[in-house]
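**Q** Would you be able to build a 3D model of this:
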Amino acid sequence: MTRTLHRQAAAGAWDRLELVEQLGNVGSEVERAIRAHAAGRTKRFEGAFERALELLDLTAADPRWRGHRCQEILRAREEFCRLFFDPEVAPDSAEGLRKYFFGFGHAARMLHYRRRSGAGPHS
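**A** From the prediction side, this is the model:
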C-alpha cells in the first residue's frame, strides 16, 4: 500500500489548483530531489523523489488535463525518473528539467500576484 505524502492535495485541494500551480509545486519537489541527489543525501532524495511522483500522479489523474496535457505530464514524469535511474541519461540533463518546471513556477507566482491584486487569473 502506498502512503499519502501530500494529504491535503490528495483530499481534493490539488484539483482546485490551475495547471501552472500544480506543475510549479511539482517543480519544487523535482528541484529538491535533484539537489539532494547531487549532494549524496539519500534520505532527502528519496523523500523529495516520492513527493514529486505523488504530485505528478495527482496532476495526471486530474480530469481537467485529459489528452495532450496528460501526455505531457506523464512524459515529464518519465523524464524525471529517467534522470536518476537510466544510466544512458547524462547528469547535466537535470538542467532541462529545472528549466521546464521553472516556467511553471514563475507562471504560478504571477497568477498568485494577480489574484492578490484582484486582477483575476486571466487579466
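**Q** Count the neighbours of residue 115 for me.
**A** Look at residue 115: counted by other Cβ atoms under 10 Å, it has 12 neighbours. C-beta: built from backbone N, CA, C; applies to glycine.
**Q** next one: residue 50
**A** As a burial measure, residue 50 scores 15 neighbours (other Cβ under 10 Å).
**Q** How is the residue nearest in space to the middle of the chain assigned, secondary-structure-wise?
**A** Most central in the chain under Cα atoms, centre = their mean is residue 26, positioned 1.7 Å from the mean C-alpha point. At residue 26 the chain is in helix, as set by DSSP: H, G, I helix; E, B strand; the rest coil.
**Q** Test my guess that it contacts residue 100.
**A** No. With contact defined as Cβ atoms under 8 Å, residue 26 does not reach residue 100; the gap is 10.1 Å.
**Q** Need the residues touching each of these two.
**A** Residues within reach of residue 26 and of residue 100 at once, by Cβ atoms under 8 Å, 6 or more residues apart in numbering, are residue 76.
**Q** For the closest residue to the residue nearest to the centre of the chain other than its chain neighbours, give me the pLDDT.
**A** Nearest non-adjacent residue to residue 26, counting by Cβ to Cβ, 6 or more residues apart in numbering: residue 55, 4.6 Å away. Looking at residue 55, its pLDDT is 96.
**Q** try the one 10 residues further on
**A** The confidence metric pLDDT takes the value 96 at residue 65.
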